[in-house]
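Peer 1: fold the following.
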Amino acid sequence: MNEFGQDRIAAAHEALSTAAAQPRPEGDPVAVLSELSAVAALLGELAGAEQSELAEWGTVGPHLDLARQHAEALARSLRHASGTLSYNRELLPAA
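Peer 2: You can find the predicted model right below:
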C-alpha cells in the first residue's frame, strides 16, 4: 500500500475512534446500522486489497482472506439487522 493509502486508512481510523468515543448517534437507527454495514464492507475491501499487495507473503494471505470473510459476514449481519428493524417498525401501529 502506498503512503497515500496509509494516510487515508489512518484518517479513517481516527474518525472511527472519535465516533466510537461519542454517545450513540441520534437519528434513525436503521440508517446507523446501514452506515455501519457500509464501514464493515469497506474493511473487507481493504483486507482484500492488502491480500493482493502482500501475495508474496504466503503465510499472511490466509489471515487477510479470513479477515475479509469476517468483514463481509459482519456487513451482511448489519444489513440484516437494519432490514429486520425496518420491517418490524413497519408492523408497529402508528402512535
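
Peer 1: before we move on, what SS does Glu56 have?
Peer 2: coil (DSSP: H, G, I helix; E, B strand; the rest coil).

Peer 1: torsion angles phi and psi at it?
Peer 2: Reported as degrees, to the nearest 10, the phi and psi values for Glu56 are phi -70, psi -20.

Peer 1: same question for Gly58.
Peer 2: phi -60, psi -30.

Peer 1: any idea how many residues pack against it?
Peer 2: Gly58 has 8 neighbours, counted by other CB atoms under 10 Å. Quick note: C-beta positions are derived from backbone N, CA and C, even for glycine.

Peer 1: per-residue confidence for it?
Peer 2: In this model, Gly58 is scored at 84, pLDDT.

Peer 1: gap between it and Asp65?
Peer 2: To Asp65, Gly58 is 12 Å away according to CB to CB, to the nearest Å.

Peer 1: also His80?
Peer 2: 23 Å.

Peer 1: over to Glu14?
Peer 2: 27 Å.

Peer 1: same question for Ser82.
Peer 2: Counting by CB to CB - Ser82 and Asp65 are separated by 26 Å.

Peer 1: higher neighbour count, these two?
Peer 2: A direct count of neighbours by other CB under 10 Å for Ser82 and Asp65 places Ser82 higher, at 20 against 13.

Peer 1: please look at that one and Val30 and confirm they touch.
Peer 2: Yes. Counting by CB atoms under 8 Å, Ser82 touches Val30, with 5.2 Å between them.

Peer 1: quick check: pLDDT value at the residue sitting nearest the centre point of the chain.
Peer 2: The centroid of the chain falls nearest to Ala40 when counting by CA atoms, centre = their mean (1.2 Å). On the pLDDT scale, Ala40 is placed at 93.

Peer 1: residue contacts, Gln51?
Peer 2: 60-61, 64-65, 68 (CB atoms under 8 Å, 6 or more residues apart in numbering).

Peer 1: list the contacts of His13.
Peer 2: By CB under 8 Å, 6+ apart, His13 lies in contact with nothing.

Peer 1: shift numbering so it begins at 51
Peer 2: Taking 51 as the first residue, the last one we looked at is His63.
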